[in-house]
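A.B. asks: how would this look folded up:
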Amino acid sequence: MARNPDAIVVGAGIIGCAIAWELAKEGRRVVVFDKGPVGRAASWAAAGLLTPIHLAQYPPPLAALCLESEKRYESWVRALGAPEVEYRASGLILLVFDDQDERDAASLEAWKRERGSPVERLDRDALRDLEPLASQEVRGALLLPDVAQVRNHRLTRALAAAAAKLGAEIRTDAEVTGFLHVPGRINGVRTTKGDLYSAETVVAAGAWSGDLDVGANVRPVRGQMVLLKGPPDALARALLARDAYLIPRADGHVLLGSTLEEAGFDTSTTAEGISFLLEQGRRLAPGIGKFAVAATWAGLRPATPDRLPYLGRPAGTEGVILATGHFRNGILLAPVTAKIVADLVAGRAPSLDLAPFRPGR
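C.D. replies: Numbering: from 1, shown residues only. Below you'll find the predicted structure:
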């Protein structure tokens, strides 16, 4: 790239690659830096379910952000033109075991009905008809038929490829170590592969965003996962209870997640964590105890103190935009985050109020 780029994106996860694609579609010259390969951190480790867990309990600004991104997702993936992403509305069933589950289900059902979203109560017989593998030790269940999923690691790679096809440059194994400054403005980055100037720098480095001195108070929260292999079509829909879930893939694998652990930047899987997940998985669907364990892994979610992402410009510094701290919703929020950043770079007012997500709040 002969000239300095219009924008530098720090981080080649799903958020960074989505931003690069959005900016490249608008004709911007973009360079993306990542200290590792494309999409090998939280974007690779995630579940790919396109709905927040317990959405009705989210703060209203975050719920609105999630709903806006969810609304965009199908057309966004279609425009990407990557069938390997496997976007599909497989649906989700919330299992009700006890009084707390019943309160959660009632709250979610009311929330969905108020917004005209499809939702259906299931008794045990109806649950058995839909998902024979699901536990029958339930009081009932709640069906959300329109919940979709994607293969998140494939999506991240497809976004990077689409951005590159439009002229974006993806520089992997190149860590951003700091920024280039003029008074009141960041005008580029320092990296392990040299310095680069740019009119705009977007920080989308996930759990590592806090290492950069731009006011991103982000910490890692580990999530361990288990991939199971059972008979074809063992599950048609995702099953959820509290924070445990089973997500069926089109190839017959079933994803079991996830822990929430304060473990720093340690991405180890532990006997305790995997044992906990298998116990929770068998509670949702006892028959998975006979499934083969195909793989285990852990990722680091980028968490902020109030669990809201940082979206916007830090006060007092021009030339930099934060797009980080998405915690458990990075895959879901990629389309709307990319559009917000593109609007800010272009000087357009975003369609959503960014005040709740302002850096430095």
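A.B. asks: Spell out the secondary structure type for Phe179.
C.D. replies: Judged by DSSP: H, G, I helix; E, B strand; the rest coil, the three-state class of Phe179 is strand.
A.B. asks: Please read the previous query as pertaining to Val9.
C.D. replies: strand.
A.B. asks: Tell me which residues touch it, please.
C.D. replies: By CB atoms under 8 Å, 6 or more residues apart in numbering, the contact set of Val9 is 16, 19-20, 23, 30-33, 201-202, 204. Backbone N, C-alpha and C define where each C-beta goes, glycine included.
A.B. asks: Repeat the analysis, applying 6 Å as the threshold.
C.D. replies: Going by CB atoms under 6 Å, 6 or more residues apart in numbering, Val9 touches 16, 19-20, 32, 202, 204.
A.B. asks: Ala46 too?
C.D. replies: 152, 331.
A.B. asks: one more time with 10 Å, if that's ok
C.D. replies: Applying CB atoms under 10 Å, 6 or more residues apart in numbering, we find Ala46 in contact with 13-14, 39, 150, 152-153, 155-156, 223, 225, 255, 257-258, 299, 301, 328-332.
A.B. asks: How about Leu235?
C.D. replies: 90, 93, 131-134, 228, 246-249, 252, 254, 284-285, 287-288.
A.B. asks: Select from those every entry located in helices.
C.D. replies: If you go by DSSP state H, the contacts of Leu235 have Leu284 in helices.
A.B. asks: Could you identify the buried members of the contacts of Leu235?
C.D. replies: For those, a burial check counting by 16 or more other CB atoms under 10 Å picks out 90, 93, 131, 133-134, 228, 246-249, 254, 284-285, 288.
A.B. asks: now those in CSV, with distance to Pro118 and pLDDT?
C.D. replies: Converted to CSV, those look like this (distance: CB to CB, whole Å; pLDDT from 0 to 100):
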residue, distance to Pro118, pLDDT
Ser90, 14, 95
Ile93, 13, 98
Glu131, 17, 98
Leu133, 23, 97
Ala134, 19, 98
Leu228, 28, 98
Leu246, 21, 98
Ile247, 19, 97
Pro248, 19, 97
Arg249, 23, 94
Val254, 24, 98
Leu284, 22, 98
Ala285, 23, 98
Ile288, 27, 97
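A.B. asks: Take these and lay them out in JSON lines including distance to Gly316.
C.D. replies: Converted to JSON lines, those look like this (distance: CB to CB, whole Å):
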{"residue": "Ser90", "distance to Gly316": "46"}
{"residue": "Ile93", "distance to Gly316": "48"}
{"residue": "Glu131", "distance to Gly316": "53"}
{"residue": "Leu133", "distance to Gly316": "55"}
{"residue": "Ala134", "distance to Gly316": "53"}
{"residue": "Leu228", "distance to Gly316": "50"}
{"residue": "Leu246", "distance to Gly316": "47"}
{"residue": "Ile247", "distance to Gly316": "43"}
{"residue": "Pro248", "distance to Gly316": "48"}
{"residue": "Arg249", "distance to Gly316": "46"}
{"residue": "Val254", "distance to Gly316": "48"}
{"residue": "Leu284", "distance to Gly316": "48"}
{"residue": "Ala285", "distance to Gly316": "52"}
{"residue": "Ile288", "distance to Gly316": "52"}
